[in-house]
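> One predicted model, sequence on top.
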Number of protein chains: 2
Amino acid sequence: MNSSLPLKTRDRILQVSLDQFNEHGERAVTTNHIAAALGISPGNLYYHFRNKSEIITQLLESYQTETLRLLSVPTDRPLTVQDKLDYFQTLSQQFWKYRFLHRDIHQLIETDDAIRQRYPAFARQVMIQGRAIYRGFVEAGLMNMSTAEIDALVINVWLVMTNWSNFLVMSGHIARNDAISERWVRQGLRQMVFLEGPYLNAENRLMYDTLLNTYGEEGFFEHPVTQPATSV
Amino acid sequence: MNSSLPLKTRDRILQVSLDQFNEHGERAVTTNHIAAALGISPGNLYYHFRNKSEIITQLLESYQTETLRLLSVPTDRPLTVQDKLDYFQTLSQQFWKYRFLHRDIHQLIETDDAIRQRYPAFARQVMIQGRAIYRGFVEAGLMNMSTAEIDALVINVWLVMTNWSNFLVMSGHIARNDAISERWVRQGLRQMVFLEGPYLNAENRLMYDTLLNTYGEEGFFEHPVTQPATSV
C-alpha cells in the first residue's frame, strides 16, 4: 500500500472534485472551490493537476477503466442469475458515483479534444462487452434472444441506466445533491427488469416477477415530487 | 396570418437561435452570434428578447407545447398500427429538432429558476399522456401489457428517444452539426421496435419483424464510426 503524502493528496483532490462536480455540476466548480473544500492552497492543488481539465480527464479515465472492469465476463464458469443482479447493482452504483459525467459529457466532448477522440472507443467497448454478457446469459440458458435482440437490448439498457439518475433530478424526484436512496436505485432496477423481462426463460421470469414486488413501485408519476433541485 | 414585421423578426430569431444552439451547444452561443447570423443589430434583437435566457425559455415553451400536442390521443376512433408508426416518426423529428435541449437541459435546470420549477410538471405530463397512448393500443387489441408494464415502457421509451441523437454524437456515429440522416432515424426506430416488440400481438409482431428489415442494421457498433464531432 502506497501511503506517500503526494499520492494521498492527489487521491483526495480527485475524490473531492468528484463530489463537487456531482453536487454542483462541473461548470460551476473551479479549482479554487476544490482547494478550499480540501483546505489546501491552490498552489498545492496545481502541484498535482495543472488545471480543472486534467482533473476531469483523470476522473473520466478512472470511470472508463472501472466501468469496463465491471462489465467483464467470468471465463471459468457459466453466468448465473446472481450475476445478473450483481451487474445491475454494481453498475447502478457506478453511474451514480460518476453522475456528473453523464450529465456533462456532451459539453466535455465539445470542449476537450482528448475526450472527444477517446469517448467513442469507450462507448463501442461498452457495447461489445455488454453483448458478451448477454450472450453468456443466453448460453447459460437464462435468456432467449436473437443476436439482433441482444444488440438492441444492450443499447437500450445503456441509455436507460446512464440517464436514470439525471432523469430523476430533471423530473423532480430527487435533488442533485441528495445521496441516491435505496428507493431510487430499486426504481431504476425495476426499469431494467422490464427491459429484460420479455427475454427471460420461464423460471427466471418467475423470479423477476417476485423481484418486481420488492423493486420500486407502480404509479411512479402519481407521487408528489420532491423539492425541485436547488440551484448552486 | 399575421405577417407584421416584428412578429416575423421574432420568429426568425427563434429559428436561428435553435439552429445555433443545436449546432454549437447553448453555452457557446451568445446573443451577438445570433444577431450576426441573422444580419441584424444586437439592439434589434434586444427589442424582441432581453437576453439569451428569454430566447431559451421561449424555445422550451414551444418544445413542451408541441411535444404534448404530438402525444395527444384521438378521442373519436381507436388507435391503429399506423398511429404507432406516426407517433415514433413525429417524435423522432421533434427530438432532433430540439436536440440542444436534451443535451443541455441539466444545465438549464440548474441555472434557470423558471425552467427548474416547470420542467418536472412537463415530464409528468409526458408520462401521463404516454400511458394513455399505450392504454389505447392495448384497448385496440394491438398490444398486451399490464399497467405496470405500460408505466415502465413509457419511461424507457422516453429515455431512449430523448437521448438517442446525443448518444449518436457521443458514440462517434454522427457529428453534431450533421443533419440527421434517414439512416439514423431508422436506427432509432429500430430501438423502439425492440422495446415494444415483446408486447405486440402476433399479427403486429409479424409486421414489426418486417419493419426490422427496413429499420436500421445489425452490427451497429462494428461499423467504422464517422469523424468525431468537431469542436466549435
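All right, it came through fine.

> Show me where chain A has its helices.
Counting by DSSP state H, chain A has helices at residues A:5-24, A:31-38, A:42-48, A:52-70, A:81-97, A:99-111, A:113-139, A:147-170, A:182-196, A:202-214.

> Would you mind telling me which of those helices is nearest chain B?
Chain B lies closest, by Cβ to the nearest Cβ, to one member of the helices of chain A: helix A:113-139, at 2.8 Å. C-beta: built from backbone N, CA, C; applies to glycine.

> Any buried residues in that closest one, and which?
Neighbour counts using 16 or more other Cβ atoms under 10 Å in any protein chain shown place A:115-116, A:118-120, A:122-124, A:126-127, A:129-131, A:133-138 of helix A:113-139 among the buried residues.

> So, low pLDDT: which residues of chain A?
In the predicted model, chain A carries pLDDT under 70 at residues A:1-7, A:176-181, A:208-209, A:211-232.

> Point to the residue nearest the middle of it.
Among the residues of chain A, the one closest to the centroid is A:F95, at 1.3 Å (Cα atoms, centre = their mean).

> residues in contact with that residue?
Applying Cβ atoms under 8 Å, 6 or more residues apart in numbering or on different chains, we find A:F95 in contact with A:H102, A:M161, A:T162, A:W164, A:S165.

> Using JSON lines, please lay out these together with distance to chain B.
Converted to JSON lines, the contacts of A:F95 look like this (distance: Cβ to the nearest Cβ, whole Å):
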{"residue": "A:H102", "distance to chain B": "9"}
{"residue": "A:M161", "distance to chain B": "9"}
{"residue": "A:T162", "distance to chain B": "8"}
{"residue": "A:W164", "distance to chain B": "7"}
{"residue": "A:S165", "distance to chain B": "11"}
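
> Quick one: those as JSON lines, columns for neighbour count too.
Rendered in JSON lines, the data for the contacts of A:F95 read as follows (neighbours: other Cβ atoms under 10 Å in any protein chain shown):
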{"residue": "A:H102", "neighbour count": "20"}
{"residue": "A:M161", "neighbour count": "21"}
{"residue": "A:T162", "neighbour count": "25"}
{"residue": "A:W164", "neighbour count": "24"}
{"residue": "A:S165", "neighbour count": "26"}
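
> what's the closest of those to A:N144?
For these, the minimum distance to A:N144 (Cβ to Cβ) is 22.0 Å, reached by A:M161.

> thinking the closest one is in contact with A:S92, fair?
Yes - with contact defined as Cβ atoms under 8 Å, A:M161 reaches A:S92; the gap is 7.0 Å.

> what is in contact with these two at once?
A:G188.

> Can you give me the neighbour number for the residue nearest to A:F137 when sequence neighbours are not counted?
Ranked by Cβ to Cβ, 6 or more residues apart in numbering or on different chains and with sequence neighbours excluded, the top spatial neighbour of A:F137 is A:M143, at 4.4 Å. Here the neighbour count serves as a burial measure; for A:M143 (other Cβ atoms under 10 Å in any protein chain shown) it reads 23.

> Give me the distance between A:M143 and chain B.
When Cβ to the nearest Cβ, to the nearest Å is applied, the distance between A:M143 and chain B equals 12 Å.

> didn't that residue look like it was pressed against A:L200?
Yes - with contacts counted by Cβ under 8 Å, A:M143 reaches A:L200, the gap being 5.8 Å.
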